[in-house]
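need a structure here:
(one chain, ligands or ions: 2)
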Amino acid sequence: MANLLDRDIQFLPGTGPKRAAVLAKEMGIYTFRDLLHTFPYRYIDRSRIYSISDAVPSMSMIQIRARIFSCSISEDGRHRKRLTVTVSDGTGKMELVFFQGIKWLMERLKPGKEYIIFGKVSEFGNSLNMVHPEMDPVNEGSLNTGTGLAGIYPSTENMKKAGIGNKVFIKLVRAALDICCTDIRETIPHKIIEAHSLMPLKDALENIHFPKSLHELAKATRRLKFEELFFLQLAMLKQKYIRKSFSKGNVMPKVGESFNICYNSMPFPLTNAQKRVIKEIRNDLVSGKQMNRLLQGDVGSGKTAVSLLCALLAIDNGFQACLMAPTEVLAAQHYNSAIKFFGNSKVRTALLTGSTKTKERNHILEELEDGSIDMIIGTHALIEEKVVFRRLGLAIIDEQHRFGVEQRSRLWAKSVPSPHILVMTATPIPRTLAMTIYGDLDVSVIDEMPPGRKPVKTIHSTEADRQRMYAFLKSQIKEGRQVFIVYPLIKESEKMDYKNLQEGYMNIIGEFKAPEYITAVVHGKQKNEDKAYDMNLFASGKAHILVATSVIEVGVDVPNASVIVIESAERFGLSQLHQLRGRVGRDSDKSYCILMTGNRLSKEARQRIELMCSTQDGFELSEADLKMRGPGDLEGTQQSGTLLDLKLASPVKDNELLRETEKAASEILEKDPELSEPENRIMEETVSRLRHCRTDYSEIS
Ligand code: ADP
Ligand code: MG
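Ligands and ions are numbered 1, 2, ... in the order given. The predicted model follows:
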């Protein structure tokens with residue numbers, strides 16, 4: 001028999017097709033199960049009743065018990081009606097204000113009658129009021145009153161419009177729990193429940209929605225967090241076990257001529273971290289298993305050098321390698337570094353992007369297919385179907401978060417056996433979180449900067465300091481340094497942002513007049529030739545200033561640049577700010593990051609700016625970022641939405657539990673990688689449901 005939990009939400013008493021559609025659209029609730037897995041984001045102690053004289057506006061939602069003194073309807077200048085209900089509880093008076101449902105309320109609210117009133121207190125003139133509180137007559141045995149902890153559920157305007165306020169939502173959850181009570185089956189084997197002292201699933205669902213006490217709520221929360229993290233790990237680790245035991249990888253045992261030539265002619269010694277990572281990768285390349293590795297390293301830690309050396313390992317063993325970058329500018333830059341780096345070797349390198357001319361492109365495609373090109377560097381153009389390799393052995397993907405999982409898997413299919421995959425990301429993700437997102441990838445970290453880097457002095461400035469800031473830029477340019485000026489470009493408001501950039505650019509060229517100052521500009525709306533021209537102007541040192549959008553210049557390497565000005569810095573997330581800052585401080589001179597913001601900042605924005613000014617440590621910043629924003633927002637990672645579907649658990653805050661669940665999942669899979677033992681079979685259902693939700697995930701692992 002089908003499980004009741006999978007039943008369509010429209011069949012739950014209290015919903016129907018219309019409300020079901022709203023629940024689906026607004027909350028992603030399609031089934032009874034989805035509803036039961038929509039948890040309160042906080043709880044109100046409904047057993048506590050405040051007296052009006054104790055109420056202050058800073059409180060969150062509170063409950064008072066008061067008698068209606070009077071009701072009156074008034075109209076404002078725009079003919080909007082308002083109902084004002086004055087209540088009193090003997091300690092003081094309070095006004096309750098309603099703008100909607102006035103007629104309905106007037107029919108029901110009775111002066112002299114006593115109500116439990118629940119809402120947020122605010123101050124209006126000299127008196128306290130509540131706008132649209134919930135009201136329940138005392139002694140009518142209402143659902144919400146006097147029963148201890150009550151959940152407050154996430155909600156939207158459209159839900160309220162459809163009549164699904166918090167009270168109704170609670171009723172729906174109650175109904176679903178009652179209907180499903182015999183169908184909530186345990187998802188975790190008894191052994192694990194015991195070993196980790198977990199509350200049974202059924203009790204946990206009951207108590208997360210209707211906690212009997214704070215203690216029970218804590219137990220329920222722990223159980224459900226455990227469940228989320230455990231199954232996430234189990235699903236990912238299972239893929240990894242299967243990949244490790246079944247997938248064949250190209251074996252690359254030789255350390256050959258090109259590697260040695262290039263290694264020995266490097267202008268700098270590798271850092272220990274770089275050496276360690278190369279060893280880790282080399283172990284994978286000789287293992288006979290296909291590599292799937294994430295290389296993390298803070299901006300400027302030298303990931304590119306590492307990846308090029310690895311490409312040489314593949315090439316010396318008779319394979320081809322490719323490096324895919326998110327933008328043309330970056331691809332061109334990697335190409336130039338590669339040409340320099342491969343200098344004396346016989347390695348043949350080519351660049352392929354969207355703007356490669358047809359004739360040249362055809363030539364490159366031919367040479368790729370016949371194997372005369374060893375290394376190809378490019379953009380998305382590399383994953384097009386027409387691109388055929390003779391023997392692709394290693395695919396390197398830079399700034400991984402800009403590529404969707406699906407794109408990765410297309411590279412994957414370019415060769416049989418699949419090429420080894422190395423994805424590099426400069427967005428430093430805490431290790432614990434990386435495990436959760438990239439559980440199927442092995443992770444290497446470059447946790448050491450090349451020597452001689454000076455910290456970037458980070459300063460917060462506002463409009464009032466603009467002239468002083470310009471004077472400072474001029475003094476830096478006088479010393480022979482170059483300057484980045486970056487404008488935010490955030491998709492939804494692209495037009496606006498583009499306008500800001502244009503205006504900014506006009507201001508800059510007005511302030512920094514040619515020919516004394518040369519200013520280049522790079523943005524997404526330019527023709528590729530113009531972009532390349534301006535970029536080159538700056539990279540070659542001919543332009544003093546580069547005005548750019550944040551999107552364009554991720555990863556751009558111009559060591560002579562000593563200042564980066566970030567306009568509207570409050571609009572950037574922490575890790576993005578940090579990445580941008582990494583554009584400077586690349587050689588040993590002193591460098592600066594100036595964060596320009598408006599005068600009025602939200603609390604979060606102020607926190608971000610202050611953090612930026614106080615630390616350079618990318619890992620510290622991204623931990624802080626996650627704590628502030630939550631992993632769902634993990635900026636730029638296209639995976640975050642699909643993979644990190646965690647409702648309760650936070651891979652950062654619930655570190656301990658994350659480790660506990662990882663251990664539990666590994667122990668099971670070590671003995672039974674396919675979860676085929678009878679006692680493990682109950683887990684397979686949840687795992688496959690997870691996999692179903694994350695189809696694109698399983699394709700890549
Ligand atoms: P990432 O891609 O990690 O941001 P890059 O590979 O672009 O960093 O390296 C940043 C800069 O540091 C480049 O100019 C590179 O030549 C240089 N570099 C890389 N490794 C070292 C090293 N071990 N010592 C000194 N400089 C290095
Ligand atoms: Mg880089």
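
let me see the contact set for the nearest residue to Q10 once chain neighbours are set aside.
Sequence neighbours aside, A20 is the residue nearest to Q10 in space, at 3.5 Å (criterion: C-beta to C-beta, 6 or more residues apart in numbering). Using the backbone N, CA and C atoms, a C-beta is placed for each residue, glycine as well. Shown in contact with A20 (C-beta atoms under 8 Å, 6 or more residues apart in numbering): 8-10.

which strand runs longest in the chain?
Secondary structure of the chain per DSSP state E: the longest strand is strand 61-75.

what's next to that strand, contact-wise?
44, 46, 48-52, 55, 81-89, 93-94, 102, 106, 109-121, 138, 152.

ligand 1 contacts on the chain?
The chain has residues 268, 270-271, 274, 297, 299-305, 426, 450, 557, 559, 586 near ligand 1, with proximity defined as C-beta under 6 Å from any ligand atom.

from the residues you listed, list just the buried residues.
The neighbour count (16 or more other C-beta atoms under 10 Å) marks 270-271, 274, 297, 299-305, 426, 450, 557, 586 as buried among these.

restricted to helices, list those.
Those of these mapping onto helices are 274, 303-305, per DSSP state H.

got TSV for these, with pLDDT and distance to L313 too?
Converted to TSV, these look like this (pLDDT from 0 to 100; distance: C-beta to C-beta, whole Å):
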residue	pLDDT	distance to L313
Q274	97	14
K303	93	16
T304	92	15
A305	94	13
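
show me what the longest helix belonging to the chain is packed against.
The single longest helix within the chain, with elements called by DSSP H, is helix 214-246. When contacts are defined as 3 or more C-beta pairs under 8 Å, 6 or more residues apart in numbering; DSSP states H and E, helix 214-246 packs onto helix 201-209, helix 431-437, helix 655-671, helix 678-693.

buried sites along the longest strand of the chain?
In strand 61-75, counting by 16+ other C-beta under 10 Å, buried: 61-68, 71.

ok, of the residues you listed, which one's closest to M469?
M61 (44.8 Å; C-beta to C-beta).

residues in contact with the residue of the stretch 151-300 of the chain found nearest ligand 1?
Residue of the stretch 151-300 of the chain nearest ligand 1, by C-beta to the nearest ligand atom: F268 (3.6 Å). Neighbouring residues of F268 by C-beta under 8 Å, 6+ apart: P450.

what's next to stretch 663-672, contact-wise?
192, 195-196, 230, 233-234, 237-238, 241, 675, 677, 680, 683.

I'd like those as a markdown table, with neighbour count and pLDDT appended.
Converted to a markdown table, those look like this (neighbours: other C-beta atoms under 10 Å; pLDDT from 0 to 100):
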| residue | neighbour count | pLDDT |
| --- | --- | --- |
| I192 | 19 | 93 |
| A195 | 12 | 94 |
| H196 | 17 | 95 |
| F230 | 26 | 92 |
| Q233 | 21 | 84 |
| L234 | 26 | 87 |
| L237 | 21 | 82 |
| K238 | 26 | 82 |
| Y241 | 17 | 78 |
| L675 | 18 | 88 |
| E677 | 12 | 88 |
| N680 | 19 | 88 |
| M683 | 23 | 90 |
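
in the stretch 251-400 of the chain, which spans are strands?
292-297, 320-324, 349-352, 375-378, 392-397 (DSSP state E, counting those that start in this stretch).

which one of these has the lowest average pLDDT?
With a mean of 89, strand 292-297 has the lowest mean pLDDT of those.

could I get that strand in PDB with only the CA atoms?
Output in PDB follows, covering the C-alpha atoms of strand 292-297 (Å, rounded to 0.1, in the frame of the first residue of the first chain):
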ATOM      1  CA  ASN A 292      37.300  13.500  -8.800                       C
ATOM      2  CA  ARG A 293      39.000  16.100  -6.700                       C
ATOM      3  CA  LEU A 294      38.200  19.600  -5.400                       C
ATOM      4  CA  LEU A 295      41.200  21.900  -5.000                       C
ATOM      5  CA  GLN A 296      40.500  24.700  -2.600                       C
ATOM      6  CA  GLY A 297      42.800  27.500  -2.000                       C
END
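
buried residues in it, which are they?
292-297.

OK, contacts around whichever residue of the stretch 601-701 of the chain sits closest to ligand 1?
With C-beta to the nearest ligand atom, the shortest gap between the stretch 601-701 of the chain and ligand 1 falls at G618, namely 10.5 Å. Applying C-beta under 8 Å, 6+ apart, we find G618 in contact with 298-299, 428, 575, 578, 582.

hmm, back to that, as JSON lines, the strands of the stretch 251-400 of the chain with distance to F472 would be great.
Output for the strands of the stretch 251-400 of the chain, formatted as JSON lines (distance: least, C-beta to C-beta, whole Å):
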{"stretch": "strand 292-297", "distance to F472": "31"}
{"stretch": "strand 320-324", "distance to F472": "37"}
{"stretch": "strand 349-352", "distance to F472": "37"}
{"stretch": "strand 375-378", "distance to F472": "37"}
{"stretch": "strand 392-397", "distance to F472": "38"}
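
among those, which comes closest to D203?
strand 292-297 (38.3 Å).

show me what the closest one is packed up against.
Partner elements for strand 292-297 (3+ C-beta pairs under 8 Å, 6+ apart): helix 272-286, helix 303-316, strand 420-425, strand 442-446.

mind checking these for the one nearest to G165?
strand 420-425 (42.4 Å).

and the closest one, which residues are buried?
420-425.

nearest to K219 among those?
Distances from K219 to the buried residues of strand 420-425, taken by C-beta to C-beta, are shortest for T425, at 37.2 Å.

surely the closest one is in contact with D298?
No - using C-beta atoms under 8 Å, T425 is not in contact with D298, being 10.3 Å away.

quick one: residues contacting M424.
Per C-beta under 8 Å, 6+ apart, neighbours of M424: 294-297, 303-304, 307, 396-400.

what's the closest of the residues you listed to A539?
Closest to A539, out of all of the contacts of M424 and judged by C-beta to C-beta, is T304, at 15.2 Å.
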